[in-house]
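**Student:** Structure of the sequence below:
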Amino acid sequence: MLLGLILMGGVGACWRRPPPPSSRESTPLTSVPLPSSLPIPGIPPATASVVLPGGLTAPMSFAALVKASDPAVVTVFTVIDERRMGKRMRRGEGLGSGFLYDPSGYILTNNHVIAQATEIIVRLADERRLPAKVVGRDPPTDVAILKVDVTGAPALPLGDSNATEVGDWVVAIGNPFGLSHTVSAGILSARGRTRDDVQDLDRTGRGYFNFLQTDAAINQGNSGGPLLNLRGEVVGINTAIRANANNIGFAIPINMVKQLIPMLIRDGKVRRSALGITVGGLSEEDMVRLRRADRKGALVRGVQPGGAAARAGIAEDDVILAFNGVAIPDPEELRWQASIAGIGSTASVKIARGDRIFEVHVILGALPEAPEEPPSIP
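**Tutor:** Presented below is the predicted three-dimensional model:
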């Protein structure tokens, strides 16, 4: 589905035109070899501010930030074809957003914007329309990287989403309903939103979501566009909306994306590692039964026989408190950290078992890959 987030319970932010009656030949997408690391240029927009009572500050205008950032925001046009009676027929067209994060033409967007597309065209801020190739994509996080043939293009710096606090100003730029380069502003409303907060976003249960929530207006067509802080740094990729609410939007934290970029460039996809366990949160009953003072951690509910965790001695009812030195506040954080650590790598796992707290070392296995989406037409 081109517009997975829209079709799943009405949640999403990608706009779709109705399909025209005519058919059209298109060139299949191919991947290209790319460098293993990319420079990230900086843009230093200046935003004037006013001092409020109590020493607080607020921006007088977002104009300088927008003027510096907008040239790197792009429009992503897609075409989906299918075969009927041996003929290639156009099934639909879609439109989303994206942004250049490297001046040599690398673009970040959402996977659902380009999924199953047989043709992708990117329109730059200077109105040039260029064919784009898919470098890599990761459906479980809804991230995709495209490449267009340009040099010296304006590019947005990738910021630190962990440093963005609830209440901070943020700015969204994108193409809602085809209205190109629309700017909206708001605040970061909340952090750590999961699949439970964005209903029907992840029917498979295999997604990795730790959304930033914002009240900056995001609508259909904003998918893949940047969420910026006041320094003009990208702190999130705008991805989904709560369809039955006003100004409740969700963005993928850019720190998650930065961890995926090298893998997507190298392999075209993310090869995830796994501990070989199933985990859950701690209930009140679990806290009493296991003598835990709080709900922090991931409770081991099942151990795969012969898997990585079993070989390291991890058992049911263990509570995992840290993974490779990163504190584990909940099961979602453990799923993410274990998935990106690397197949065959050795991870240190801090465990609470009864009154004991100890550490084990686990050689991670491979997480079985989810079934692929229906392929594009060759």
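
**Student:** my guess is Leu95 is in a strand, correct?
**Tutor:** Yes: using DSSP: H, G, I helix; E, B strand; the rest coil, the assignment for Leu95 is a strand.

**Student:** Touching, it and Thr75? I think so.
**Tutor:** Yes: counting by C-beta atoms under 8 Å, Leu95 touches Thr75, with 6.7 Å between them. To be clear about C-beta, it is placed using only N, CA and C from the backbone, and glycine gets the same treatment.

**Student:** Quick check: mean pLDDT of stretch 271-283?
**Tutor:** Averaged across stretch 271-283, pLDDT comes to 95.

**Student:** for stretch 171-187, same thing?
**Tutor:** Here stretch 171-187 scores 91 as its mean pLDDT.

**Student:** helix, strand or coil for the nearest residue to Gly136 once chain neighbours are set aside?
**Tutor:** Nearest residue to Gly136, sequence neighbours excluded (C-beta to C-beta, 6 or more residues apart in numbering): Leu264, at 3.0 Å. Under three-state DSSP, Leu264 falls in the helix class.

**Student:** Identify the residues contacting Leu264.
**Tutor:** Val135, Gly136, Arg137, Asp138, Val143, Ala144, Ile145, Val270 (C-beta atoms under 8 Å, 6 or more residues apart in numbering).

**Student:** Check Val76 too.
**Tutor:** Contacts of Val76 by C-beta under 8 Å, 6+ apart are 95-98, 107, 109, 113-114, 120-122, 132, 146, 224.

**Student:** which one of those sits closest to Ala341?
**Tutor:** Nearest to Ala341 among these is Thr109, at 26.0 Å by C-beta to C-beta.

**Student:** shouldn't that closest one be in contact with Lys147?
**Tutor:** No: in this structure, Thr109 is not within contact of Lys147 by C-beta under 8 Å, at 11.5 Å.

**Student:** Can you pick out the residue with more neighbours from these two?
**Tutor:** For Thr109 and Lys147, the more surrounded residue by other C-beta atoms under 10 Å is Thr109, and the numbers stand at 29 against 22.

**Student:** ok, now how distant is that one from Val288?
**Tutor:** 47 Å (C-beta to C-beta, to the nearest Å).

**Student:** go on, Asp294?
**Tutor:** Taking C-beta to C-beta, one finds Asp294 at 12 Å from Val288.

**Student:** how about low-confidence regions in the chain?
**Tutor:** 1-58, 83-92, 196-206, 245, 370-378 (pLDDT under 70).

**Student:** for the residue nearest the centre of it, what are its contacts?
**Tutor:** Centroid-nearest residue in the chain: Ile252, 4.0 Å away (criterion: C-alpha atoms, centre = their mean). With contact set as C-beta under 8 Å, 6+ apart, Ile252 has these partners: Thr141, Asp142, Val143, Phe209, Phe211, Leu212, Gly236, Ile237, Thr239.

**Student:** what packs against the helix or strand harbouring the last one?
**Tutor:** Okay, so that is Thr239. Here Thr239 sits within strand 234-241, counting by DSSP states H and E. Applying 3 or more C-beta pairs under 8 Å, 6 or more residues apart in numbering; DSSP states H and E, one finds that strand 234-241 makes contact with strand 87-102, strand 106-109, strand 169-174, strand 211-214, strand 226-228, strand 249-253, helix 254-267.

**Student:** Show me the helices in the chain, by range?
**Tutor:** Taking DSSP state H, the helices of the chain run over residues 4-7, 63-69, 111-114, 254-267, 284-290, 308-312, 331-340.

**Student:** Show me which of those helices has the highest average neighbour count.
**Tutor:** Ranked by mean neighbour count, those are led by helix 111-114 with a mean of 28 (mean count of other C-beta atoms under 10 Å).

**Student:** Ile314: neighbouring residues, count only.
**Tutor:** With other C-beta under 10 Å as criterion, Ile314 counts 21.
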